[in-house]
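Novice: When you get a sec, could you give me coordinates for this:
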Amino acid sequence: MKTRYFITTVLLLFGSLFARDALKTNVPVADVVNDLEKYLPELMEKANTPGLSVALIRDGELAWTKGFGVVNTESGQPVTNNTIFDAASLSKPLFSYAVLRFAQEGKFNIDAPLTDYLPEKYADDERLSQITARIVMSHRSGFPNWRPRGGELEIHFTPGEKFSYSGEGFVYLSKVIEHLVGKPMHEFVREYAFQPLGMSESSFIWEDRYQDRIAFGHTISGKPIDLRQNSEGNAAASLRTTAGDYAKFMLAVINKQGLPGEIFDKILTPAVNLNPDCVVCTSNSSDERSSSLGWGLGWGLQKTADGNAFWHWGDNGVYKCYVVAYPEKKIGVVFFTNSSDGMSLRQELVSRAIGGTHPAFDWADYETYDSPSMQLRQFVLKKGAAAGIAKYRSMRETKSPEEIGVTERGINRLGYVLLGQDRIDEAIELFKLNTEEYPESWNVYDSLAEAYMEKGENDLAIKFYNKSIELNPGNSHGKDMLKKLMDK
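Specialist: Modelled structure (predicted):
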């Protein structure tokens, strides 16, 4: 016992040397909390994040939760444990849990075609009859993430064939459930998830009680935007909740509450391994599969030296959030932010809260607050696009884009920041830079076309939408915009 105690003490004292990436299961909760309380305000400032709420899970219990910053930069109202955040795609695993509880009553089979339950022809494709609830929950429906605005819903590959992240699949499943239970989706989730789990602060629709404690989303420029007060729920994206309330759901999965144990085993067993190069994979033909990343029923799954974990992220533009937990170690973390840049602090926050290695970070890829792309963005916002492009070109004289570390996505996102500030000419110059650096990318031409359309230079917009569609015939957004331009 003395030897074992000595080894544990050494690991605690010198963990950064011998087990830097190990889970913090042996680090006292008080030490983790002290570190987070000390460092999170500084991290939020670096990551351009006005407000944040975090919940820490240890030993299968809610160990700590706290709010930081403000709900609105204009009002200065502080974030508290009762602050309501937009949970975005964290809606999906919670809705999946409710569906699985419903299926346990014998009224619904997750492996039966959804067309057996909903006579409505939801998509004009005979393969619709192959889609089941299990296929939807593991993102193998063949649907796009979202259908083109005003366009038809298409199935892009044989259902069950591969993974491609899809909010549309969850909307379809919710329509089936609503038909079966005869009530709106948000009432169904309240009955099968919120009430059994004691999630009294959560809802898929707007509730008046949220008015004085809702976190306003903030743009990259730090401006709050108007609240979205939806009267209809979206199973894929409309959940509002608190960090503590969502932690109750995480704990139900960790501690196997509300469903038979064998169902949780299926929830946390990969139904499909992920393609490491894409999230929405409707147009990706690669057969490559990750050995460490998969998707179960509602949850992303990762396999690491620390054990198996379930995780998910949420991104509704001006709201970003992330959760991850290791059920065998009974440790996890939940965090919500009210910022477009909120995900840029993900890696450091999770590392400080629970430690561990997280291959999901590279797959659900977001720039970190100190990345070269983010540094270029700050420079451009202060000095202008011309100065930023000149600085970038100077670096390119001796380095490749990979060596510089400024990504296609980073440049593209910066262009949209400038578009949002009505700095259209500067945005165009950045999008043009991206077409030079990534001439085979359909997306860079799509963005350039959009900027020219915003400026009213329709001939150039048509030219670059055509180029984008030539590189990617599946670019439905480009086709819609091109038709709109041609009809003028």
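
Novice: all helices for the stretch 301-450 of the chain, in order.
Specialist: Applying DSSP state H, counting those that start in this stretch to the stretch 301-450 of the chain gives helices spanning 346-353, 360-363, 372-383, 385-396, 401-404, 408-420, 424-437, 442-455.

Novice: how about those in JSON lines, adding mean pLDDT and distance to residue 154?
Specialist: Glycine gets a C-beta too; all of them are placed from N, C-alpha and C. Converted to JSON lines, the helices of the stretch 301-450 of the chain look like this (pLDDT from 0 to 100; distance: least, CB to CB, whole Å):
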{"stretch": "helix 346-353", "mean pLDDT": "97", "distance to residue 154": "32"}
{"stretch": "helix 360-363", "mean pLDDT": "96", "distance to residue 154": "25"}
{"stretch": "helix 372-383", "mean pLDDT": "89", "distance to residue 154": "33"}
{"stretch": "helix 385-396", "mean pLDDT": "94", "distance to residue 154": "37"}
{"stretch": "helix 401-404", "mean pLDDT": "90", "distance to residue 154": "33"}
{"stretch": "helix 408-420", "mean pLDDT": "89", "distance to residue 154": "25"}
{"stretch": "helix 424-437", "mean pLDDT": "96", "distance to residue 154": "28"}
{"stretch": "helix 442-455", "mean pLDDT": "96", "distance to residue 154": "18"}
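
Novice: In the chain, where is pLDDT below threshold?
Specialist: Where the chain drops to pLDDT under 70, the residues are 1-21.

Novice: quick one, strands of it?
Specialist: With DSSP state E, the ranges of strands along the chain come out as 51-58, 61-69, 85-88, 239-241, 272-273, 293-295, 300-304, 307-315, 320-326, 331-337.

Novice: closest to residue 223 out of those strands?
Specialist: Of all these, it is strand 51-58 that lies closest to residue 223, at 13.7 Å by CB to CB.

Novice: now for that closest one, which elements pack on it?
Specialist: helix 29-46, strand 61-69, helix 243-254, strand 331-337, helix 346-353 (3 or more CB pairs under 8 Å, 6 or more residues apart in numbering; DSSP states H and E).

Novice: got the ones you listed as JSON lines, with mean neighbour count and distance to residue 482 columns?
Specialist: Output for those, formatted as JSON lines (neighbours: other CB atoms under 10 Å; distance: least, CB to CB, whole Å):
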{"stretch": "helix 29-46", "mean neighbour count": "15", "distance to residue 482": "41"}
{"stretch": "strand 61-69", "mean neighbour count": "19", "distance to residue 482": "42"}
{"stretch": "helix 243-254", "mean neighbour count": "23", "distance to residue 482": "41"}
{"stretch": "strand 331-337", "mean neighbour count": "29", "distance to residue 482": "36"}
{"stretch": "helix 346-353", "mean neighbour count": "20", "distance to residue 482": "36"}
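
Novice: can the ones you listed go into a markdown table with extra columns for distance to residue 417?
Specialist: Formatted as a markdown table, these follow (distance: least, CB to CB, whole Å):
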| stretch | distance to residue 417 |
| --- | --- |
| helix 29-46 | 17 |
| strand 61-69 | 21 |
| helix 243-254 | 28 |
| strand 331-337 | 17 |
| helix 346-353 | 20 |
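
Novice: So for residue 486, which of those sits nearest?
Specialist: Closest to residue 486 of the helices and strands packed on strand 51-58, according to CB to CB: strand 331-337, at 40.7 Å.

Novice: Does residue 98 touch residue 185 like I think?
Specialist: No: judged on CB atoms under 8 Å, residue 98 makes no contact with residue 185 at a distance of 9.0 Å.

Novice: Could you measure from residue 487 over to residue 152?
Specialist: As for residue 487, its distance to residue 152 is 18 Å (criterion: CB to CB, to the nearest Å).

Novice: ugh, wrong one, I meant residue 486
Specialist: Counting by CB to CB, the gap from residue 486 to residue 152 is 19 Å.

Novice: again with residue 210
Specialist: 35 Å.

Novice: Comparing the two, which shows the higher neighbour count?
Specialist: Higher neighbour count among residue 210 and residue 152: residue 210, with 16 against 10, using other CB atoms under 10 Å.

Novice: Enumerate every residue touching the more buried one.
Specialist: Taking CB atoms under 8 Å, 6 or more residues apart in numbering, we find residue 210 in contact with 84, 203, 240.
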